[in-house]
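**Student:** sequence first, predicted model second:
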Amino acid sequence: MDSHRRRKTQMESKATPGPWRVDIDARDGFAIWDGLSRVVASLLFDKKAIDFRPGSPYQSETMEANAYLIASAPQLLEAAKKALTALVYYQHESDIFEKTGTQKALEDAIANAKGKGD
């Protein structure tokens, strides 16, 4: 197995299980914690790069939204896996999933979450 494939396999098995939660520190930024109170990720304010334009990734509201999105990753991955399983099971009853690209979108999202995407 080449090193790229080995690294991707390791990423899948080493992902921190959820649920994750967000801790807001108005001074420094946002931390995402796992169920054992370990930091999984953090979004830190860069005082030099603060940008108050609407939609800027450095606005506190945008950073907070991003923190909650990151914290929901384990739950979203599990939901996507369940949706894909149900879709594959019921796809013989309708071709709507193929026509809308739903199955491919779910497969791609799951692969990306596991480090196996493009």
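**Tutor:** That came through, no problem. Since the model is a prediction, treat every value here as computed from it, not as a measurement. Numbers count the residues shown, from 1 in each chain.
**Student:** show me where this structure has its helices.
**Tutor:** Counting by DSSP state H, one finds helices in the chain at the ranges 3-14, 60-71, 73-90, 96-100, 102-113.
**Student:** ok, of those helices, where does mean pLDDT dip lowest?
**Tutor:** If you rank the helices of the chain by mean pLDDT, helix 3-14 sits at the bottom with a mean of 48.
**Student:** identify whichever of the helices of the chain lies nearest to V39.
**Tutor:** Each of the helices of the chain has some distance to V39 by C-beta to C-beta; the shortest is helix 60-71, at 11.6 Å. C-betas here are computed from N, CA, C, even on glycine.
**Student:** list the buried residues of that closest one.
**Tutor:** Under the neighbour-count criterion of 16 or more other C-beta atoms under 10 Å, helix 60-71 has M63, N66, A67, I70, A71 buried.
**Student:** over to stretch 32-41?
**Tutor:** Under 16+ other C-beta under 10 Å, the buried positions of stretch 32-41 are I32, W33, D34, V40, A41.
**Student:** the closest residue to the second one other than its chain neighbours: neighbour count?
**Tutor:** Just to be clear, that refers to W33. The shortest distance from W33 to any non-neighbouring residue, by C-beta to C-beta, 6 or more residues apart in numbering, is to R21 (5.3 Å). R21 is flanked by 15 other residues according to other C-beta atoms under 10 Å.
**Student:** ok, now P17?
**Tutor:** 10.
**Student:** ok, now how distant is the closest residue to it other than its chain neighbours from A80?
**Tutor:** Spatially, and ignoring its direct neighbours in sequence, P17 is nearest to P74 (6.3 Å; C-beta to C-beta, 6+ apart). As judged by C-beta to C-beta, to the nearest Å, P74 and A80 stand 11 Å apart.
**Student:** thanks a lot, see you next time.
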